[in-house]
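Student: turn this into a structure:
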Amino acid sequence: MAKNQSLHSDIFMILLRAVVIVLLISAVIPSINPARMSGLINKSSALITMALSYSSIVSGFTRALNRGWVAESALQMLYISSLFVCISIAVVAVGCCITLGKKRLQRLGAKLIAIASLLGTLALLLLLPAYSQISQTSNPDRVEPMFAGGFWIFLSLFIVTFVLGLINIMRIPKPTAEDGYEMENKYKLFLMILPFVILCFVFSYLPLWGWRYAFYDYRPGASLTRESFVGFKWFTYLFENPATRADIARVLRNTLVMSGLGIATSWLPMAFAIFLAEIRASKFRKIVQTCTTIPNFISWVLVYSVAFAMFSTEGFVNAILIDLGIIENGTNYLMSGEHIWLKMWAWGTWKGLGWSAIIYIAGISSIDQQLYEAATIDGAGRFKRMWYITVPGLMPTFFVLLLLSIANILSNGMDQYFVFKNAANKETIEVLDLYVYTLGLGSGGSGNIPLATVVGMLKSLISITLLFGANKVSKLIRGESII
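Tutor: Model prediction:
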């Protein structure tokens, strides 16, 4: 009997967690946004968007507000309702995580879910007076009042969540005085990694939904409809258009050369870490490590400002050379397209050398110190200890990072090249990431988003292929895989 009761309790708890997950997902789906009570609200706005940005609500109502067709109080109610509904959903999610614990935590989580669901329902009902005000507009043709069907979906989800929360509160046995707020280690570990999984999903996997633009003849502001579906038109255009083929060849050349320079000098952080570890004066070592790590946290815009102050026509370098009589007129080294690949490599190395060395410094600290002591007794000098102990000890880390660099050979980033780009060096500095950005956004509204999506898709697929290829090579050579 007790076993059946426990089984039923588990079923209701599983149902509760499933409904909470559906509620969370619903908050980011634009088509069921319960707060979209007017056609003037962007149809691509989800509930979470309206809760985080009041401007996403009022941006389409500028004329309606100026003409007095809609009272701003109605829009404020939409915003407040969206905000508190999302807060309620967040609290429900927290309660759902707490239910992974034992009895006392399960009851606490169920109570939290029931209370938050009730508050979410009340916040959702605030949308009704907002809709009432919008629907009573003096110009319904312009304001386009509409009752969002998602309202009933969210109302149903909140009610079901509230009921399941109450059922679980009643079914979970009341904890005794000995029962603490305990949770199994596997659930603790799961909750620790959950935020990072969510961030990875939001920023790495969710954007893949945008790949669908590659199959449509899309223009900014338009909707994806059956009429705009063009299949593989932009894929064939990429390879059949001579100008596009030439651009792809050019940016691939730039990308591969700059990535090649980075891979060829990928040993520099390891060498820097080894020599840094050999510095006996700890204060001096910390100063050097700090000074070489700080540039990693400086934005590329500020780096360009420093470069401009040093290498422009009236910059620091030209001023010294003119004062010394070496040159008569200043030269704009920064704007020049000569040796641009080496310049970009130098700036990138300066910015990332100290930061990249941190993992090697950590690796050096994990090497058995008895090896160094034994080598010293055998008469090995400092250089031999570095060459025969430190370097072999760091090689596994070096090979893993090297193979990952090979897998990311098409991903140079965009920031550095975007700020240093100008008319004189455009042909040699434009890498694939910058090309996709320029192609998609363009200038003056001339961007081709579908074609940029195609290029981005192919880049991602090639990078994945390279990653698995590098993993295969690692397994053949070292006997170990990196993934």
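
Student: show me what the helix or strand encompassing Gly440 is packed up against.
Tutor: Assignment of secondary structure by DSSP states H and E places Gly440 within helix 432-441. Helices and strands touching helix 432-441, by 3 or more CB pairs under 8 Å, 6 or more residues apart in numbering; DSSP states H and E, are helix 242-264, helix 415-420, helix 449-478. Using the backbone N, CA and C atoms, a C-beta is placed for each residue, glycine as well.

Student: could you redo the last one with a cut-off of 7 Å?
Tutor: Under the contact criterion of 3 or more CB pairs under 7 Å, 6 or more residues apart in numbering; DSSP states H and E, helix 432-441 touches helix 242-264, helix 449-478.

Student: buried residues in the last one?
Tutor: Taking 16 or more other CB atoms under 10 Å as the basis for neighbour counts, the residues of helix 449-478 that come out buried are 449-459, 466-467, 470-471, 474.

Student: tell me which helix or strand Ile409 sits in.
Tutor: Going by DSSP H and E, Ile409 is not part of any helix or strand.

Student: so the residue nearest the centre of the chain: helix, strand or coil?
Tutor: By CA atoms, centre = their mean, the chain has its centre lying nearest to Phe203, at 3.6 Å. Going by DSSP: H, G, I helix; E, B strand; the rest coil, the secondary structure assigned to Phe203 is helix.

Student: confidence score at it?
Tutor: Reported pLDDT at Phe203 in the predicted model: 86.

Student: ditto for the one 5 residues further on
Tutor: At Leu208, the model reports a pLDDT of 87.

Student: tell me who's in contact with it.
Tutor: Contact partners of Leu208, counting by CB atoms under 7 Å, 6 or more residues apart in numbering, are absent.

Student: what does the one 4 residues further on give?
Tutor: Residues near Arg212 by CB under 7 Å, 6+ apart: Leu224.

Student: now the phi/psi pair for it, please.
Tutor: phi -60, psi -20 (degrees, to the nearest 10).

Student: could you do the one 4 residues further on as well?
Tutor: For Tyr216, the backbone dihedrals are phi -130, psi 150 (criterion: degrees, to the nearest 10).

Student: wait, it touches Phe229, no?
Tutor: Yes - between Tyr216 and Phe229 there is a contact under CB atoms under 7 Å: 5.7 Å.

Student: those two: which has the busier surroundings?
Tutor: Tyr216 (22 against 13; other CB atoms under 10 Å).

Student: from Asn448, how far out is that one?
Tutor: Per CB to CB, to the nearest Å, Tyr216 is found 12 Å from Asn448.

Student: cool, and Phe297?
Tutor: Here Phe297 is placed at a distance of 35 Å from Asn448 (CB to CB).

Student: between those two, which one's more packed in?
Tutor: Asn448 (18 against 9).

Student: I'd say Met50 and Met37 touch.
Tutor: No - using CB under 7 Å, Met50 is not in contact with Met37; the gap is 10.5 Å.

Student: joint contacts of those two?
Tutor: Leu78.

Student: only alpha carbons, please: show stretch 385-392 as CSV.
Tutor: Output in CSV follows, covering the C-alpha atoms of stretch 385-392 (Å, rounded to 0.1, in the frame of the first residue of the first chain):
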residue,chain,number,x,y,z
ARG,A,385,64.6,20.5,-16.3
MET,A,386,62.3,22.7,-18.4
TRP,A,387,63.0,20.7,-21.5
TYR,A,388,62.8,17.2,-20.2
ILE,A,389,60.2,17.6,-17.4
THR,A,390,58.0,20.7,-17.8
VAL,A,391,57.6,20.6,-21.6
PRO,A,392,56.6,16.8,-21.7
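
Student: which residues of the stretch 351-483 of the chain score low on pLDDT?
Tutor: 443-446, 482-483 (pLDDT under 70).

Student: what does the helix holding Gly440 rub up against?
Tutor: Contacts of helix 432-441 (CB under 7 Å, 6+ apart): 247, 251-252, 255, 410-414, 417-418, 421, 447-449, 451-452, 455-456, 459.

Student: and the angle for that helix with helix 449-478?
Tutor: 160 degrees (axes from the mean of the first three to the mean of the last three CA atoms, to 10 degrees).

Student: list the buried ones in helix 432-441?
Tutor: Leu432, Asp433, Leu434, Tyr435, Val436, Tyr437, Thr438, Leu439, Gly440.

Student: which one of the residues you listed is nearest His339?
Tutor: Comparing those against His339 with CB to CB places Leu434 closest, at 18.7 Å.

Student: that'll do, ta.
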